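1. model the following, please.
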Amino acid sequence: MKRILHLSDLHFGRARPDLEAPLLAAIARNRPDLVVVSGDFTQRARHVQFRRAQDFLAKLPAPVLSVPGNHDTPLDRPFERLLAPFRRYRRYVDEDTEPVFSDGKLTVVGVNTVKPLAWQQGKFSSRARDRVARRLAEHPAELSVVVVHHPLEHGPKVDKRLMRGARAALAQLSDCGADVVLSGHLHRASSAPFRAAPGLLFVQAGTGLSSRTRGEDNTFNLLDWEETGALRVTTWGARGQGPQAVFAPEASAMFRREGRTWARQPAAPGAAALSRRCA
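-> The predicted structure is shown next:
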């Protein structure tokens, strides 16, 4: 089995301090093969916020693959935002804003969808689409995952503008062998096949630490790729406050490919319980 732990929208600068230790404990408890962070490490891209993110990353017990979010470019410094928008991200998080992880069974490709001169709306460019296709061809695997900050599809209750190039990206990712797309930005956790591309599974992470939860718990996702070809997505949510705060599993869904589409499997008894690799 391969396990990805999917975090997003930590927002250091607006993070809940009481949740950081419980989140790190839950990550260590689940022993992931890879931690993916789909952007927004900071609230305002300030050095002190990036240093807190850097300290958090140093405590993770597994390799990390990350991409920037729109909050990770300096809003209040227009010249830096224009000329070197990812300088601070590269200094504190990762020099590579579009990294690749591959171990033969699992390939994960990061895409930087941030438009530095636009605060909210992202962009999935044709160059990025072609690059993902090349990387997936270079690193064939049983499960191929693409990581972006901005979602490629919105539900009816989302009032943000959809990322530019989203439709073209869904079409090309479906054709080039991608299986799953991980994203953040909305502070809402969900998992389902894309409506416009059912051959791709859409896994959306909530916010791991931010106090801006938009009516939902602070959460992260676990993705367990089974040898049978099934993919289980379990959302863990924060419970309690202060010294009593913990993260625990809240919901779980199993997906399996049926032909060229992902299908959700019927819920099994105890599906929301801890997975077998948890202590």
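
2. CA only for contacts and neighbour counts going forward, please
-> Noted.

3. I'd like the average pLDDT over the helix or strand where residue 144 lies.
-> Assigned by DSSP states H and E, residue 144 belongs to strand 143-147. In this model, strand 143-147 has a mean pLDDT of 97.

4. buried residues, the very next helix or strand once past it. List them.
-> Sequence order places helix 166-175 as the next helix or strand after strand 143-147, per DSSP H and E. Across helix 166-175, burial judged by 16 or more other C-alpha atoms under 10 Å covers 166, 167, 169, 170, 172, 173, 174.

5. which ones are touching the residue nearest to residue 166 when sequence neighbours are not counted?
-> Nearest non-adjacent residue to residue 166, counting by C-alpha to C-alpha, 6 or more residues apart in numbering: residue 152, 5.0 Å away. By C-alpha atoms under 8 Å, 6 or more residues apart in numbering, the contact list for residue 152 reads 162, 163, 166, 167, 169, 170.

6. dihedrals phi and psi, residue 129?
-> phi -60, psi -40 (degrees, to the nearest 10).

7. quick one: it from residue 172, how far?
-> Distance of residue 129 to residue 172, given as C-alpha to C-alpha, to the nearest Å: 7 Å.

8. how many other residues sit next to residue 79?
-> 11 (other C-alpha atoms under 10 Å).

9. can you name the next helix or strand after the strand ranked longest in the chain?
-> Of all segments of type strand in the chain, defined using DSSP state E, the longest is strand 246-258. As assigned by DSSP H and E, the chain's next helix or strand after strand 246-258 is strand 261-264.

10. and that following strand, what does it pack against?
-> Packing contacts for strand 261-264, counted by 3 or more C-alpha pairs under 8 Å, 6 or more residues apart in numbering; DSSP states H and E, involve strand 190-193, strand 246-258.

11. mind doing that once more with 7 Å?
-> strand 246-258 (3 or more C-alpha pairs under 7 Å, 6 or more residues apart in numbering; DSSP states H and E).

12. flag every buried residue along the strand it packs on.
-> For strand 246-258, by 16+ other C-alpha under 10 Å, it's 246, 247, 248, 249, 250, 252, 253, 254, 255, 256, 257.

13. hmm, who's touching the helix or strand hosting residue 65?
-> Taking DSSP H and E as the definition, residue 65 sits inside strand 64-66. Strand 64-66 is contacted from outside by 34, 35, 36, 37, 38, 39, 99, 110, using C-alpha atoms under 7 Å, 6 or more residues apart in numbering.

14. take the residues you listed and lay them out in TSV including distance to residue 23, pLDDT and secondary structure.
-> Listed next are these as TSV, based on distance: C-alpha to C-alpha, whole Å; pLDDT from 0 to 100; DSSP: H, G, I helix; E, B strand; the rest coil:
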residue	distance to residue 23	pLDDT	secondary structure
34	15	98	strand
35	13	98	strand
36	14	98	strand
37	13	98	strand
38	16	98	coil
39	17	96	coil
99	24	98	coil
110	23	98	strand
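
15. so what's residue 151 up against?
-> Counting by C-alpha under 7 Å, 6+ apart, residue 151 makes contact with 183, 184.

16. from residue 63, how far off is it?
-> 24 Å.

17. coming back round to it: which neighbours does the strand holding residue 65 have in its sheet, and in what orientation?
-> strand 34-37 (parallel) (DSSP bridges).

18. of the contacts of residue 152, which is the nearest to residue 214?
-> Residue 214 lies nearest to residue 162 out of those, by C-alpha to C-alpha, at 18.5 Å.

19. give the rounded mean pLDDT of the strand holding residue 65.
-> Summarised as a single mean, pLDDT over strand 64-66 is 98.

20. again, but for stretch 180-199
-> Average pLDDT, stretch 180-199: 95.

21. now stretch 69-86
-> 87.

22. CA atoms only: put it into CSV for me.
-> Taking C-alpha atoms only, stretch 69-86 is exported to CSV below (Å, rounded to 0.1, in the frame of the first residue of the first chain):
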residue,chain,number,x,y,z
GLY,A,69,-0.7,29.1,-3.1
ASN,A,70,-2.0,32.6,-3.9
HIS,A,71,-1.3,33.7,-0.3
ASP,A,72,2.4,32.7,-0.7
THR,A,73,3.3,35.8,-2.8
PRO,A,74,3.7,39.2,-1.1
LEU,A,75,0.4,41.2,-1.6
ASP,A,76,1.8,44.4,0.0
ARG,A,77,5.1,44.6,-1.9
PRO,A,78,4.1,45.2,-5.6
PHE,A,79,7.6,45.3,-7.0
GLU,A,80,8.6,42.0,-5.5
ARG,A,81,5.2,40.6,-6.5
LEU,A,82,6.0,41.6,-10.1
LEU,A,83,9.7,40.8,-10.3
ALA,A,84,10.3,37.9,-7.8
PRO,A,85,6.9,36.7,-6.6
PHE,A,86,8.2,33.3,-5.3
